[in-house]
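S.K.: With the input below, show me the fold.
(one chain, ligands or ions: 2)
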Amino acid sequence: MATVAAPRCAIPDTPLAAAAPGLDSCVHCGFCMQACPTYLALGDENDSPRGRLVLMRSLLEGDVAASDPSLGTHIDQCLGCRACEAACPSGVPYGALLEATRATLNTSGGSGISRVGRFILGVFERPRLMAMAMFLTRIVRALGIPSLLSRMPGRLGFASAMLASTAHRRRSREYVVPDEGTRGSVAVLTGCVMQGLFAETNRATARVLATNGYRIVHIAGQRCCGALHAHAGDLEGAKRLARANIATFESKAADFIVVNAAGCGAMLKEYGHLLSDDPGWHERAEHIARRARDASELLAAAGPRGGPAKDGAAKTRVAYDAPCHLLHAQRVITPPLETLGAVTGIELVTLVDADQCCGGAGIYNLQHPDVSQAVLDAKLDRIDQAGVAIVATGNPGCLMQIGAGLVRRGSRVRVEHLIDLLDAAYAAEAEHQQPAVARAQTPR
Ligand code: SF4
Ligand code: SF4
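M.R.: Residues are numbered from 1 along each chain as shown. Ligands and ions are numbered 1, 2, ... in the order given. Down below sits the predicted model:
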């Protein structure tokens, strides 16, 4: 009987060795190439999904050493956007392979996580440090310093522009919402950056869900979801945070865990995979993952309720840019459009290449500013061509990346979370109907 030789493995007992079966499904067809923003920007096969999969196999079989700087560069330069995964007809689990490869490089003499990257991940893992960092960031923002520095060249200028782009957010007019919903109970994942810089969007998320029949459950003690850690290959850090969040979300019953940050939602939905080798936590992780929903999914399931159309009023042109971790990782496609369809007074305009990454990708924009800028420039050009007043999206990284690009171009286009647009429509409707009683009320 003929025997099939097992693939060589030069790095046993590593995350990549465990994920290796995923490599076997790649047939090198190249269908993923044109979906890859780094390949389109750099034109190098090694910076394409197919090329990176070949590099991963070379690392696995010992043809390339983990310490090879070229290997580290091409793996590092991947945005982790997973557009290739969605385009692949063979079902190659590219995202899981990328995380496993990075984790392997971190522990096998590879390039590893940079000192700055380790510092940032360390802050995200420590809630008090994170709260303090966000508090100081808000003070800097309130003083207007980011706006002053936003046109400076280099990383400081770009980081300032990211923060400056969040400064226009104001507490929206609030409105009375029902206390009891009949569609089930939801706990809002507060998130690190969302709670630190977009807290009003978290409150808006609770308001619009309550308006659409969901009962809000508040769960204290939440931690960072671990997405940044997983994407950087710090799988142990991601697992620590996942276990802490699982225990926290188990402390109070809620039918759904709702997320308004696409990267965090993708992470929660993959908790089961992350903890698949941990018998004490795997089933608990799967239970949390099954209940995780993007806010737009729950709103689409509810209708969602729209405001009355304003006859004759000029409509604001709005384009939707799909966050990669909503579109490619979670495969949530139409719910954001259904949510925006309920917003009174907007004309939804198609954004060409809305499925392409904006180049944000967590802290990628600060680690690889040139590649990130090349990817962002393509997005900004498409936004210019669309002739819109507002770009709507659903992830803090995309809000800040596109926002920074618009600030630095001197554009008048605003970028908004789609939940904020629906919330503002409900607030305007309430004020129109009952100006005397429309006032602040967020579900408690
Ligand atoms: S990842 Fe998928 S689409 Fe890309 S080359 Fe391999 S099989 Fe083809
Ligand atoms: S994750 Fe994105 S950047 Fe990385 S190979 Fe796939 S398409 Fe390219």
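S.K.: Pick out the residue of the stretch 301-444 of the chain closest to ligand 2.
M.R.: Cys357 (6.2 Å; CB to the nearest ligand atom). All C-beta spots, glycine's among them, are computed from the backbone N, C-alpha and C.
S.K.: Need the pLDDT of that residue.
M.R.: pLDDT, Cys357: 97.
S.K.: That one reaches Cys324, doesn't it?
M.R.: Yes - assessed by CB atoms under 8 Å, Cys357 is found in contact with Cys324 at 5.1 Å.
S.K.: Need the residues touching each of these two.
M.R.: In terms of CB atoms under 8 Å, 6 or more residues apart in numbering, Cys357 and Cys324 are both contacted by the residues Leu79, Cys81, Ala83.
S.K.: Just to be sure, Val415 is in a helix?
M.R.: No - counting by DSSP: H, G, I helix; E, B strand; the rest coil, one finds Val415 to be strand, located in no helix.
S.K.: confidence score at Pro435?
M.R.: Reported pLDDT for Pro435: 54.
S.K.: Compare Cys357 and Cys324 (neighbour count), which wins?
M.R.: Shown here are Cys357 and Cys324; by other CB atoms under 10 Å, Cys357 has more neighbours (31 against 28).
S.K.: who touches that one in this structure?
M.R.: Pro37, Leu79, Cys81, Ala83, Cys324, Val375.
S.K.: I'd say the third one and Pro37 touch.
M.R.: Yes - Cys81 lies in contact with Pro37 (CB under 8 Å); the separation is 6.5 Å.
S.K.: Can you list the neighbours in contact with the lengthiest helix in the chain?
M.R.: Assignment by DSSP state H gives helix 369-386 as the longest helix of the chain. Helix 369-386 is contacted from outside by 37-38, 40-42, 77, 79, 154-155, 158, 317, 319, 321, 349-354, 356-361, 364-365, 391, 401-402, 405-406, 409, 411, 413, using CB under 8 Å, 6+ apart.
S.K.: Can you mark which positions in it are buried?
M.R.: Going by neighbour count (16 or more other CB atoms under 10 Å), the buried part of helix 369-386 is 369, 371-376, 378-380, 382-383, 386.
S.K.: List phi and psi for the residue of the stretch 301-444 of the chain closest to ligand 2.
M.R.: Here is the backbone geometry of Cys357 (degrees, to the nearest 10): phi -60, psi 150.
S.K.: Chain neighbours aside, what residue packs nearest to it?
M.R.: Spatially, and ignoring its direct neighbours in sequence, Cys357 is nearest to Cys81 (3.9 Å; CB to CB, 6 or more residues apart in numbering).
S.K.: which residues touch the one you found?
M.R.: Per CB under 8 Å, 6+ apart, neighbours of Cys81: Pro37, Cys324, His325, His328, Cys357, Ala361.
S.K.: Can you check my assumption that it lies in a strand?
M.R.: No - applying three-state DSSP, one finds Cys81 to be coil, outside a strand.
S.K.: I'd like the distance between His368 and Lys315.
M.R.: Using CB to CB, to the nearest Å, we find His368 at a distance of 38 Å from Lys315.
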